[in-house]
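Undergrad: Below is the sequence, then the predicted model.
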Amino acid sequence: MTEDPNHYLSDLYTTDQRKHNTRRMEKCPTCNGSGKVLADQGELVALIPYTDSRLKPRRTKLIIGITVVICLGIAILLTFFLFPRNISITTVNAQSQNVYIKNISDPYITVLVTLKVKNENYLSSTIDQINMKASYADYIVGYASPKRVFVPSMSTVTFNSTITTQYTKRVATKLRYSCSVGNWPHFVLELFETTAQCSTIFQSFTTSSSLATFIDCHDSNKEAPVHIK
């Protein structure tokens, strides 16, 4: 007796269909077949199709580009405002205040020196360790150390300092001769040199200035103070 091949195919189809139906009848592990998820369940896993639009990044390149531009802009601005710039000191003027030459063994002249400090930085700066030196006929005749000066950002500060130039021996003889011949106004050429230590948050350096000018040496016709020889 021969087997019917159609019967065999029918049994196979019925078995596959039962298996397929069995797979479709399996309960969901999350909702347990009820189709509802309880709100008090702690850890839930959501299954999203791969083609779901929520999985595709939106405007990622635009966001990255804007972030890069903003960071570059901030870096450029910080570099522009914090970049170290020049701080200069200039000796503007020097004029005599008191002149004591006659009737004194060591003549001297008190000179008022005007200094100007220019700060080109966007940060404030401090000018300290200011040293002034006065020279006459290649001889150093006076020193002075003005106080510390605070200079705000992008500003110029002008201040005065007094230096006493004292002349001894040959220099005193030469000064008396230069300032006593004739009845016209007398002037002597002196050199004023200034060095200062400039400092900001990001830099510290030394700057200098010099000025050669004529100083009025007309005697004040006053009695010299006792503490000055």
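TA: On my side now, so go ahead.

Undergrad: For K116, name its beta-bridge partners.
TA: When bridges are called by DSSP bridges, K116 pairs up with T90, T158.

Undergrad: And the residue nearest the centre of the chain?
TA: For the chain, the residue nearest the mean C-alpha position is L82 (3.9 Å; Cα atoms, centre = their mean).

Undergrad: any idea how far Y122 is from it?
TA: Separation of L82 from Y122 (Cβ to Cβ, to the nearest Å) stands at 7 Å. For glycine as for every other residue, the C-beta is placed from the backbone atoms N, C-alpha and C.

Undergrad: sorry, back to before: might you report the residue contacts of the residue nearest to the centre of the chain?
TA: By Cβ atoms under 8 Å, 6 or more residues apart in numbering, the residues touching L82 are 122-123, 202.

Undergrad: Then S199?
TA: By Cβ under 8 Å, 6+ apart, the neighbours of S199 are 125-126, 128, 205.

Undergrad: Can you give the distance of the longest helix seen in the chain from its chain's centre?
TA: If you go by DSSP state H, the chain has its longest helix at helix 60-82. Between the centre of helix 60-82 and the centre of its chain there are 20 Å (Cα atoms, centre = their mean, to the nearest Å).

Undergrad: quick one: the helices in this protein?
TA: Under DSSP H, the chain gives helices at 5-24, 60-82, 169-178.

Undergrad: quick one: which of those has the weakest pLDDT on average?
TA: Lowest mean pLDDT of the helices of the chain: helix 5-24, a mean of 51.

Undergrad: Thanks a lot, see you next time.
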